[in-house]
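Q: this one's structure only:
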C-alpha cells in the first residue's frame, strides 16, 4: 500500500475531487489526491508523505487565477483549510494566515482603525496567492504593504521566515516557488484615515461593477500589462476583439482583458482564445502579451 493510499484510508486525503467548482471559471477535471490541512500538524503529515513518495504538487488558493484541464491534475492538490484563515492585529502590523480571502483583510483593518489595504478588496484571491504573484490593482501591489511571509517548501519541509526583500517581488512575480506554501503574511498598516479608506473601498467596488463583467465565469485579468502606457485590455480593445470567441469562451464586451465562459465552455476553449488573442496582438502590434492566468495540465505552446 502506498503512502497516499494509507493517508486516504486515514481520512487525511480524498481522491477524485473535482477541481472546477474550486475555480472561478468552474471548469476542469479532478485531482488525483486532494487535501485541506487545518493545522500545522496536518500540513506536516503531507510534507512527510511527499518526502516518502514524491508526486506533483498544486497549491490552490481561491482558484481565481487558474484554468484546469479536463484531464485534471495527476498529483496532490493542497488547499489550506479553515484553520489557516485567521487574522491578528499587532499595533500597526496585521498578521494573516495564507488561506484568508484577500478582500477580508482590507475590511478587517478598517474595522480596527487602520488603513492601507483597501486595494485588496478588488482582488478575489487568497493571501497566499497574492504573495506568490504580487497581486495588485488600482496602482497598488502586494509588495507595497507586505512586510514578509512565512513559507513552507512542501517538498523539503523547510520553513522560512522571509522579509519582503527576500521575496524578490516585481510586477506579478515573486521568488515563491511552485512547491512553496505561504502559511502567513505580515502587512504594514497606517493608523487612521478610516473614513477615506471606506470611501476608497466603495469606489473600487463601484468601478469593478461598472467596468468588469460581474456575474459571469471568469478569472480576472487574462494577460499581464506589457511595458508602456497602454494596458493589455486597451490593446485588445483597439484591435476590435471584444466579443471574439473560441468555443464557449469570449472576450468580454465590458473589459477586453477579461474572458468570460458560458455554461458549455471547455478549458481548451480558454486556452484557444488566449492563444488566438495573443497571436493577433503579436502580429498586428509586435507586442508579446504574457498570460497572467495559470494553466494546469495544458501547454499554451501546443495546438
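A: Okay, I see it. Note that the structure is predicted; figures quoted are calculated from it, not measured.
Q: And for residue 264, the neighbour number?
A: A count of nearby residues for residue 264, using other C-beta atoms under 10 Å, gives 8. The way it works is simple: take the backbone N, C-alpha and C, and place the C-beta from them, glycine included.
Q: Quick one: residues contacting residue 17.
A: Listed by C-beta atoms under 8 Å, 6 or more residues apart in numbering, the contact set of residue 17 reads 30-31, 34, 77.
Q: what ranges of the stretch 201-303 of the chain fall below the confidence cut-off?
A: The model of the stretch 201-303 of the chain has pLDDT under 70 over residues 302-303.
Q: Show me just the buried residues among the contacts of residue 17.
A: Among those, those classed as buried by 16 or more other C-beta atoms under 10 Å are 30-31, 34, 77.
Q: which residues in the stretch 151-300 of the chain form helices?
A: 194-211, 232-238, 267-285 (DSSP state H, counting those that start in this stretch).
Q: Could you list the domains of this protein?
A: With domains defined by automatic domain parsing, the chain comprises 3-79, 84-197, 213-296.
Q: For the ones you listed, give me TSV that also has distance to residue 203.
A: What follows is these, written out as TSV (distance: least, C-beta to C-beta, whole Å):
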stretch	distance to residue 203
domain 3-79	21
domain 84-197	9
domain 213-296	16
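Q: that older thread, and residue 150, which of the helices of the stretch 151-300 of the chain is closest to it?
A: Residue 150 sits nearest to helix 194-211 of all those, at 26.4 Å, using C-beta to C-beta.
Q: Give me the below-cutoff pLDDT ranges for the stretch 1-150 of the chain.
A: 1.
Q: the strands in it, which residues?
A: Using DSSP state E, counting those that start in this stretch, the strands of the stretch 1-150 of the chain run over 14-18, 30-35, 57-59, 66-68, 73-78, 87-90, 93-97, 114-115, 136-137, 140-141, 146-153.
Q: quick one, which of the helices of the stretch 151-300 of the chain is nearest to residue 3?
A: Nearest of these to residue 3, taken as C-beta to C-beta: helix 267-285 at 29.7 Å.
Q: helices or strands next to the closest one in the packing?
A: Using 3 or more C-beta pairs under 8 Å, 6 or more residues apart in numbering; DSSP states H and E, the elements in contact with helix 267-285 are strand 66-68, helix 232-238, strand 245-246, strand 249-251, strand 259-261.
Q: quick one: contacts of it?
A: Contact partners of helix 267-285, identified using C-beta under 8 Å, 6+ apart, comprise 25, 27-28, 67-70, 222-223, 235-236, 239, 241, 244-251, 259, 261, 287-289, 291, 293, 295, 298, 300.
Q: on that earlier part again, closest one of the contacts of residue 17 to residue 13?
A: residue 34 (6.4 Å).
Q: and the gap between the closest one and residue 267?
A: 18 Å (C-beta to C-beta, to the nearest Å).
Q: Also residue 243?
A: 21 Å.
Q: neighbour count winner among those two?
A: Set residue 243 next to residue 267 and count neighbours by other C-beta under 10 Å: residue 267 wins out with 25 against 10.
Q: I figured residue 12 was touching residue 45, is that so?
A: Yes. Contact status for residue 12 versus residue 45: in contact at 6.0 Å, counting by C-beta atoms under 8 Å.
Q: returning to what we had before: JSON lines please, covering the helices of the stretch 151-300 of the chain and showing distance to residue 59.
A: Formatted as JSON lines, the helices of the stretch 151-300 of the chain follow (distance: least, C-beta to C-beta, whole Å):
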{"stretch": "helix 194-211", "distance to residue 59": "26"}
{"stretch": "helix 232-238", "distance to residue 59": "25"}
{"stretch": "helix 267-285", "distance to residue 59": "19"}
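Q: Residue 120: which of those is closest?
A: Proximity to residue 120 (C-beta to C-beta) singles out helix 194-211 among those, at 9.4 Å.
Q: chain center to the closest one: distance?
A: Relative to its chain's centre, helix 194-211 lies at 21 Å (C-alpha atoms, centre = their mean, to the nearest Å).
Q: Which neighbouring elements make contact with that helix?
A: Using 3+ C-beta pairs under 8 Å, 6+ apart: helix 194-211 touches helix 102-111, strand 114-115.
Q: Most tightly packed of the ones you listed?
A: Of all the helices and strands packed on helix 194-211, strand 114-115 has the most neighbours on average by mean count of other C-beta atoms under 10 Å, namely a mean of 22.
Q: Now do it: everything it contacts.
A: Against strand 114-115 from outside (C-beta under 8 Å, 6+ apart): 89, 92, 94, 109, 189-194, 196-197.
Q: next one: stretch 71-80
A: Residues outside stretch 71-80 that contact it (C-beta under 8 Å, 6+ apart): 4, 13, 17, 19, 22, 28-37, 46, 49-50, 55-61, 97-99, 126, 128, 154, 181, 183, 296-297.
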